[in-house]
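Asks: Any chance you can model this:
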Amino acid sequence: MARYRASVSERQARAVSMSAALSMWVERSGDRMPGTQAELRLAAPDRMRLRLFAAFGTALDVGLRGDSLRAYVPSWKRSLRLDAASESLGIDAPADRMVRAFSATWQPPEEAWNRAAWSESLLRVTWKEDDDSVRVAIGADGLPSWAEVVMGEGTVLRVRYRGWDHGSGGAWPSHVELVDNTHDVRVTCRATQIRFASRPDEERLAVRWPPGTTPVTLAELRAALGRLGFL
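Replies: This is a model prediction of the structure:
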C-alpha cells in the first residue's frame with residue numbers, strides 16, 4: 001500500500017502536464033488493423049488530447065475535457081462536439097477515466113485497502129464510484145498490473161499495464177492496453193518520448209477546426225472512422 005501510494009502521488013504530479021509519442025494498434029473481433037502513430041497529451045485531472053496521424057498529416061484529433069468531447073477529421077472536414085459525452089459514450093466522467101487509465105493514477109479510498117485481498121501474487125483492491133465498481137491489481141513493487149471499471153449497466157473497461165518507463169526517475173506506464181469486451185475491441189499503446197512539464201500547454205490541448213467544417217453526430221463520426229480504417 002505504501003509503495004503504491006508513493007508511486008501514484010508521483011505520477012499524479014507529473015500527469016498535470018504530460019506528452020508522449022504513441023504507436024497504436026487496434027484489434028476488433030480478433031482482427032488486427034494497421035498500426036498508426038499518435039500524439040498523446042494529458043492534463044490531470046480531466047483533460048486530454050489524442051491526435052492520430054496519417055501519411056499526409058492528422059487523421060483524427062480528439063479532445064476530452066470534463067464531460068465534453070471535441071473531435072475533428074481533417075480529411076473529411078467533419079467535426080463533432082459533445083457537451084455531455086458521458087450520455088453518448090456510456091462512460092461516466094470519460095475524461096477523468098481516460099486520464100487515470102493512461103497515467104495509472106487510480107486512487108482507492110482508505111476503506112478499500114482494508115478489504116484488499118491477495119490473489120495470484122497481486123493485491124486486488126475494489127471500491128465503488130457512484131454506480132460503478134473499480135478494481136485495481138497491484139504487484140509487490142507497488143505498480144498496478146491492471147485496472148477494471150465495471151459500469152452500472154454492466155459495461156466493462158479493462159486497462160492492462162504491460163510495461164513501464166523509468167527514464168524520468170519514476171515509473172510511468174509505457175505499454176498500455178485498453179480492452180472493451182462489450183464491443184470486442186482492444187487498443188494497444190506504446191509510448192516513447194515521454195515528457196513532463198510544470199503546467200499544461202493550453203494551446204496544444206485544444207481541438208479546433210476551421211470555418212466551413214461540417215458538424216456530424218457520433219454515429220456519423222464512427223462511420224467516417226470506419227472508412228478511414230480506424231474502426
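
Asks: How about the contacts made by the closest residue to residue 12 other than its chain neighbours?
Replies: Distances taken as CB to CB, 6 or more residues apart in numbering place residue 105 nearest to residue 12, at 5.0 Å, with adjacent residues excluded. Any C-beta I mention is one placed from the backbone N, CA and C, and that applies to glycine too. Contacts were defined as CB atoms under 8 Å, 6 or more residues apart in numbering; by that measure residue 105 touches 8, 11-12, 15, 44, 99.

Asks: all helices for this protein, in order.
Replies: 2-14, 85-89, 94-103, 110-114, 202-205, 218-228 (DSSP state H).

Asks: Highest mean neighbour count out of those helices?
Replies: Per residue and on average, the most neighbours among these fall to helix 94-103, with a mean of 22 (mean count of other CB atoms under 10 Å).

Asks: quick one: average pLDDT of that one?
Replies: Helix 94-103 carries an average pLDDT of 93.

Asks: and the direction of it versus that of helix 2-14, what angle?
Replies: Using axes from the mean of the first three to the mean of the last three CA atoms, to 10 degrees, the inter-axis angle of helix 94-103 relative to helix 2-14 is 120 degrees.

Asks: and helix 94-103, what does it pack onto?
Replies: Under the contact definition 3 or more CB pairs under 8 Å, 6 or more residues apart in numbering; DSSP states H and E, helix 94-103 sits against helix 2-14, strand 36-43, strand 47-54, strand 57-65, helix 85-89, strand 144-150, strand 156-165, strand 172-180.

Asks: Go through these and find the least confident stretch.
Replies: Per-stretch mean pLDDT for the helices and strands packed on helix 94-103 is lowest at helix 85-89 (a mean of 68).

Asks: circling back: separation between the residue nearest to residue 12 and residue 25?
Replies: As defined by CB to CB, to the nearest Å, residue 105 lies at a distance of 24 Å from residue 25.

Asks: what does residue 5 give?
Replies: In this view, residue 5 and residue 25 are 33 Å apart by CB to CB.

Asks: Quick check: residue 108 touching residue 128?
Replies: No. Assessed by CB atoms under 8 Å, residue 108 is found out of contact with residue 128, at 10.8 Å.

Asks: which of those two has more neighbours?
Replies: Per other CB atoms under 10 Å, whichever of residue 108 and residue 128 has more neighbours is residue 108, with 20 against 11.

Asks: How about that one, nearest residue that isn't a chain neighbour?
Replies: Per CB to CB, 6+ apart, closest to residue 108 is residue 125, 4.5 Å.

Asks: Which pLDDT value goes with the one you found?
Replies: In this prediction residue 125 is given a pLDDT of 98.

Asks: Which strand residues bridge it?
Replies: residue 136 (DSSP bridges).
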